[in-house]
Every structure is written in structure tokens, then in C-alpha cells.
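S.K.: kindly generate the corresponding structure for this input.
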Amino acid sequence: MTRLFGTNGIRGVVNQEIDGAFALEIGLAWGSYLRETRNRLKVALGTDTRISNCLLKHAVTSGFLTTGCDIIDNGILPTPTLQYAVKNHHYDSGVMITASHNPPQFNGIKGIAPDGTEFPKQTEEIIEKYYFSKNYTTVTWDHVGQFSHSNVAINEHISGILKRVQTEKIRKQKHHVVLDCGNGAGCSIAPELLHQLNCTTTLINCTPDGLFSGRPSEPLEKNLSTILSVMTSEKASFGVALDGDADRAIFIDNTGKYLMGDKSLSIIGRFYAQHHHQKLFITPVTTSTVFEEVIIHDNGNVEYTKVGSPIVARDMIKKQAVFGGEENGGLIFPELQYCRDALMTIAKMLEILTIEEQPLSELVKTLPKYEMIKSKILCPNNKKNSVMQRLLRNVQHTQEINKINTTDGIKIFIDEGWVLLRPSGTEPIFRIYAEAKTIKDAEKMVAHYNEIIQQLIDKK
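M.R.: Presented below is the predicted three-dimensional model:
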């Protein structure tokens, strides 16, 4: 079990939980791990737009160079763009400095494997072993790693996407897209991708700003007042908002309605089920029942995993799934790469609207109707395990529960729907997901388990 790496890399508040000295040692540990295979290795590096990026980037770079690894700095770019570069250029590893959707005081370090996927837990455990033992591999002055720059990753990523959608058909349609990059890494690529797809664009928060001055980097409905307002007056195919490192995309339909991530997951998943012979789809336990119902309707099969895009991606590789992703807007397209990719998501949605010849709002109407509510409770990291153990004992003796699934957290099925209770792997919080046919039933489940979890957190 890892102590430093969470669900998506290492994250923390800068100069409190994660600082330059720490990043230096992570670079030393990581480089030492890579040196187990051979002497001279190449590591790609990228960042989102956070103001603390240089602090962590230069520190972790020093660690790698000390171990004899070369660093290729790709500048500011989305996480999936760096992942595509790692895979395409056959780099030995990739380092992304990002805290994704977290507030600007946070930053993090995410690892990328040679195939472009995020690090598996086994790799993170080895790096942590080096970190805690301090048994680093260093080289003499004449064998230190070299530092260089590369500026080709963004154009290569765009080119890869354009080859995997029906580009000419999309261009002829001349879609209008309202784009909100949230001042994050998507600013570096999303406007250009839409330009190359011959889209008219209305741009919001599309200048880099590491303080996320335009809006918080998490594309929740409450954070998207500007784009929601703009969509009521613009005659656009859709609006789309990205998170901080542009691996997730959240859509606003042509009528200005905010769409939860399960809607785009289901619309795109259904398209794959209807147009591909391979029928296996993979998603985590947090995903709405909507996805499973539309896939089964078109003779597909859905399998569930623990939460975390690396887990979903590796299961997709192992089982050769045609499509997968998470209900938070992070979708995975195997034909391009096995990682969440907001840019590919945008292009694929444009392709679907073009082929189906229906507005997004009409496609949403064809989906099964469920209501999902997400909530969270502050919970110190050191209390998470004890709360989980007591919570499981509590629910096991509740009569109205039909079934309990412990794939990840505790997923409870009752007549009205289901509720999932799980500690976050990236923040000191407990997450609650509830889904039912009516909003009233979903709210009731959230309120009930919110109270139970809070009591367990407060209990000494």
C-alpha cells in the first residue's frame, strides 16, 4: 500500500505538504527506480498552469539529472497530451506536475509509464521504497542527465485525434462551441483543436492563469455560471468546460443545461456499442446505472472497477474493452490511448452530433432517467480506515439493504437505488454518491449516510 501516492499521483498544499525538498527526493527515488533497467533514460516532463509549477518542476528535475536520467521539458500542456508524447516518442517515463481539479494552493506529481498510462500501484510502491530508504542511485559529474526542451507534443496530439474521428464530416458541419478552459492546461490546445475542426468558438477563461481567477478548476455546475449564462444566448452545438489539466470534459447542452459526466459517458458509450463488434465496456463503481442500461440495450456488457482512471485503463487493456471511463467526465478511448482525454472527448462528441444529426439536448432525452447526487464530508486522512471499518459493520446489520458491494468503498443497494460511500484518495474527505429514480430519494440517502459518517468521524 502506498503512503505518498494517492488515486492520481502525489498531491498536497505547496510548502506545507509538498515542497521543493520533497520533489527533489521524489526525482531521486524515481530516477533510481528507472536506473534498475539501464543507464541512460529519457523522461518527459510537463506542467499545468499553477504558479508553483516551477518550484516543483526544477526540484524534481534536479533529482532525475542527479541519477543520470535526461529530462525533456514539454512546457505547459494537458496531462493526456504528455501521455501521448510519452507513448509516441518511446520515453522511459513521464512526469506531470499538476493537481488537476484541486484549488491553486495544491500541486502534485503524477507518473506516466512508457505506454502512456498512469503508473500502476506496483511502480509507485517501488519509488516509495527508494524514497523512504534514501538508497538513491547517483552518478559522477560526467554522467549527469541532460535537460532539453520540446514543443511538438501539442501538434502531435491534435494530429492523433484528427486521425481518429471523421474530421471532414465534422468540418463541413461548422459547429459552434462555447469553450471554458478554466485558465488551465487546456488553454494550450483546445482552442486550436476546435479551429482545426472548423468550429466557430466562443472562448471563456482560455488564457493561462495559475490562480484560476476565472473560476475554480473543478468544472462543477456551481463553478460554471459564466458559460451557463453565455449558453442561454449563444446558438451553439454545446458548451464544454475542462478541469485544470484537461483530462476531463463536462458538457452543457445546446439549451444551456449542465450535464453530469454520466450523460456524456453514456452518449459516447452507446455510440461505440452501436458501431463496434467488441462489446465490453469498463467503468468504476461510481458510474450511473444509465451507462449500464444503454450499453446492455445495444448488446454490450459492462464491468466495474475500483475508482481511479489508472485502474480503469489497465483493466481495459487487460480485457480489450472498446471504451470506458468515469462519471466525472474522464473518458478513455483505446484507439488513441489508454488514459482520460478531454480533447478526444470533445472531438468524439462533435463526431456523434454530426453523424446522428440531432442536437445534444435530444440525445440526452433518449437516455434512461436517474438522479444522482454527490456530496462530501471533511475527514482527516488518519481516520478514514477506522470510519470505513465501523461503517461496514453498521450497514451489514441493516434490514432494508438488498446488497452490499465492497469493490471500492461501500456500495449499498436498496429498493430506491444505490449509495456509494468511499474515502477520497486525493483529499481529506469522504465522498457520498447516491442515485435513484427521483431526486427526493437520492437526497434522502445522502442525508441519511451523511449523518452516519459524520457521527463516526466525530466519535473518539
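S.K.: in the stretch 101-250 of the chain, which spans are helices?
M.R.: For the stretch 101-250 of the chain, the helices defined by DSSP state H, counting those that start in this stretch cover 121-133, 153-162, 167-173, 190-196, 225-233.
S.K.: right, so of those helices, which gets closest to residue 428?
M.R.: helix 121-133 (19.6 Å; CB to CB). In this view, the C-beta of every residue, glycine as well, is placed from N, C-alpha and C.
S.K.: Provide the contact partners of the closest one at residue level.
M.R.: Applying CB atoms under 8 Å, 6 or more residues apart in numbering, the external contacts of helix 121-133 come out as 1-5, 25-26, 28-30, 32-33, 111, 113, 136.
S.K.: for the residues you listed, which one is nearest residue 347?
M.R.: residue 113 (24.4 Å).
S.K.: now that closest one: how far from residue 48?
M.R.: Noted for residue 113: a distance of 20 Å to residue 48, by CB to CB, to the nearest Å.
S.K.: which one's more surrounded, these two?
M.R.: Legend: neighbour count by other CB atoms under 10 Å for residue 113 and residue 48, higher for residue 48 (29 against 20).
S.K.: could you dump the helices of the stretch 101-250 of the chain to CSV with distance to residue 372, mean neighbour count and mean pLDDT?
M.R.: Formatted as CSV, those follow (distance: least, CB to CB, whole Å; neighbours: other CB atoms under 10 Å; pLDDT from 0 to 100):
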stretch, distance to residue 372, mean neighbour count, mean pLDDT
helix 121-133, 28, 16, 96
helix 153-162, 29, 20, 98
helix 167-173, 30, 15, 98
helix 190-196, 27, 19, 98
helix 225-233, 19, 16, 96
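S.K.: distance to residue 103 added to those, as CSV?
M.R.: Formatted as CSV, the helices of the stretch 101-250 of the chain follow (distance: least, CB to CB, whole Å):
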stretch, distance to residue 103
helix 121-133, 24
helix 153-162, 26
helix 167-173, 35
helix 190-196, 22
helix 225-233, 18
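S.K.: quick one: low-confidence parts of the stretch 1-150 of the chain?
M.R.: Low-confidence segments of the stretch 1-150 of the chain (pLDDT under 70): 1.
S.K.: residues in contact with residue 237?
M.R.: 175, 176, 177, 254, 350, 353, 359, 360.
S.K.: run the last query once more with 6 Å
M.R.: Contacts here follow CB atoms under 6 Å, 6 or more residues apart in numbering; on that basis residue 237 touches 175, 176, 353.
S.K.: in strands, which of the residues you listed fall?
M.R.: Among these, the subset assigned to strands under DSSP state E consists of residue 176.
S.K.: I'd like the contacts of residue 237 as CSV, with neighbour count, pLDDT and distance to residue 205 appended.
M.R.: Output for those, formatted as CSV (neighbours: other CB atoms under 10 Å; pLDDT from 0 to 100; distance: CB to CB, whole Å):
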residue, neighbour count, pLDDT, distance to residue 205
175, 19, 98, 20
176, 17, 98, 18
353, 21, 98, 23
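S.K.: looking at the contacts of residue 237, which one is closest to residue 297?
M.R.: residue 353 (20.3 Å).
S.K.: mind checking how far the nearest residue to that closest one once chain neighbours are set aside is from residue 130?
M.R.: In this structure, residue 353 finds its nearest non-sequential neighbour in residue 237, 5.8 Å apart by CB to CB, 6 or more residues apart in numbering. As judged by CB to CB, residue 237 and residue 130 stand 49 Å apart.
S.K.: tell me what residue 377 is bridged to.
M.R.: Applying DSSP bridges to residue 377 gives these bridge partners: residue 430.
S.K.: tell me the contacts of it?
M.R.: When contacts are counted by CB under 6 Å, 6+ apart, residue 377 touches 430, 453, 454.
S.K.: just the buried ones from the residues you listed, in PyMOL syntax?
M.R.: To isolate the buried members of the contacts of residue 377 in PyMOL, using 16 or more other CB atoms under 10 Å:
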select buried, resi 430+453
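S.K.: quickly find the element holding residue 426.
M.R.: Using DSSP states H and E, residue 426 maps to neither a helix nor a strand.
S.K.: identify the bridge partners of the residue lying closest to it once chain neighbours are set aside.
M.R.: Closest residue to residue 426 apart from its sequence neighbours, by CB to CB, 6+ apart: residue 6 at 4.6 Å. For residue 6, the beta-bridge partners under DSSP bridges are residue 9.
S.K.: separation between residue 452 and residue 390?
M.R.: Per CB to CB, residue 452 is found 9 Å from residue 390.
S.K.: am I right that residue 85 is in contact with residue 154?
M.R.: No. Under the criterion of CB atoms under 6 Å, residue 85 is not in contact with residue 154, lying 9.0 Å apart.
S.K.: domains in the protein, by residue range?
M.R.: Following automatic domain parsing, the chain resolves into domains at 10-151, 156-365, 371-458.
S.K.: endpoints of the shortest one, how far apart?
M.R.: Think domain 371-458. 30 Å (CA to CA, to the nearest Å).
S.K.: same question, the second one
M.R.: For domain 156-365, the first-to-last residue distance is 36 Å (CA to CA).
S.K.: show me how far it is from its chain's centre.
M.R.: How far domain 156-365 lies from its chain's middle: 12 Å, per CA atoms, centre = their mean, to the nearest Å.
S.K.: what's the pLDDT at residue 307?
M.R.: According to the prediction, residue 307 has pLDDT 88.
S.K.: likewise for the one 4 residues further on?
M.R.: Listed pLDDT for residue 311 reads 92.
S.K.: these two touch, right, it and residue 304?
M.R.: No. Residue 311 sits out of contact with residue 304 when judged by CB under 6 Å, with a separation of 10.5 Å.
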